[in-house]
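Could you work out the structure for the sequence below:
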Amino acid sequence: MILSKASEYALRILVYLAAQPSGEPVLSRVISDCIGGGSVPCVNKVLRWLAKRGVLDSVKGKGGGFVLRPGAESLSIVDVIEIVEGRPVELRCVLGFNICAKETVCPVHSQWETIHNNEIGFLRGQTIGTMSNAIFWHGRAMTPVQC
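Got it, this is the predicted structure:
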């Protein structure tokens, strides 16, 4: 599965925020630096999108920033991708047919479908919370003290 940059940033952001002390907002530029991601404007866009979708809270003013909403730790990788992309994760044809289905003449459809279904099953079992408990970025723990 190839992730869009927005989905990749969203996953990194959520895993990072899940590792933070409960209820402590984090500035967008700190998040951007700590996730090893792209530019602050790109990360800001994803942060605003996640807040609009009810995954994050945006805290205004001094001491403000972004914080994970309660329950967001239980979102799976697939849940996050679907929130960001605005559509279900679907099987895409490796040969570029518009529709990946048994009716097409794709010689690898049945094998590809099995691989895809296994991948989706695995990703549905991986939550933001479980990933935040075990993840390291470039050998550095994603913690509020060390990023």
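
immediately after the helix ranked longest in the chain, which helix or strand?
Counting by DSSP state H, the longest helix found in the chain is helix 109-124. Tracing the chain C-terminally past helix 109-124 and defining elements by DSSP states H and E, one meets helix 128-134 next.

so what's the nearest residue to Ala18 once chain neighbours are set aside up against?
Counting by C-beta to C-beta, 6 or more residues apart in numbering, the nearest residue to Ala18 once its immediate chain neighbours are dropped is Ser132, at 3.6 Å. Yep, even glycine has a C-beta here, placed from its N, CA and C like the rest. By C-beta atoms under 8 Å, 6 or more residues apart in numbering, the contact set of Ser132 is Val15, Tyr16, Ala18, Ala19, Glu73, Met142.

Any idea how many residues pack against Tyr16?
Using other C-beta atoms under 10 Å, Tyr16 is surrounded by 26 other residues.

Format the CA atom coordinates belonging to the helix or strand harbouring it as PDB.
Assessed by DSSP H and E, Tyr16 sits inside helix 5-18. In PDB, the C-alpha atoms belonging to helix 5-18 read as follows (Å, rounded to 0.1, in the frame of the first residue of the first chain):
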ATOM      1  CA  LYS A   5       1.900  12.300   2.200                       C
ATOM      2  CA  ALA A   6      -1.100  13.500   4.100                       C
ATOM      3  CA  SER A   7      -1.900  10.000   5.400                       C
ATOM      4  CA  GLU A   8       1.800   9.500   6.300                       C
ATOM      5  CA  TYR A   9       1.900  12.900   8.200                       C
ATOM      6  CA  ALA A  10      -1.400  12.100   9.900                       C
ATOM      7  CA  LEU A  11      -0.100   8.700  11.200                       C
ATOM      8  CA  ARG A  12       3.200  10.300  12.400                       C
ATOM      9  CA  ILE A  13       1.400  13.100  14.100                       C
ATOM     10  CA  LEU A  14      -1.100  10.900  15.900                       C
ATOM     11  CA  VAL A  15       1.500   8.400  17.100                       C
ATOM     12  CA  TYR A  16       3.600  11.300  18.400                       C
ATOM     13  CA  LEU A  17       0.700  13.000  20.200                       C
ATOM     14  CA  ALA A  18      -0.400   9.700  21.700                       C
END
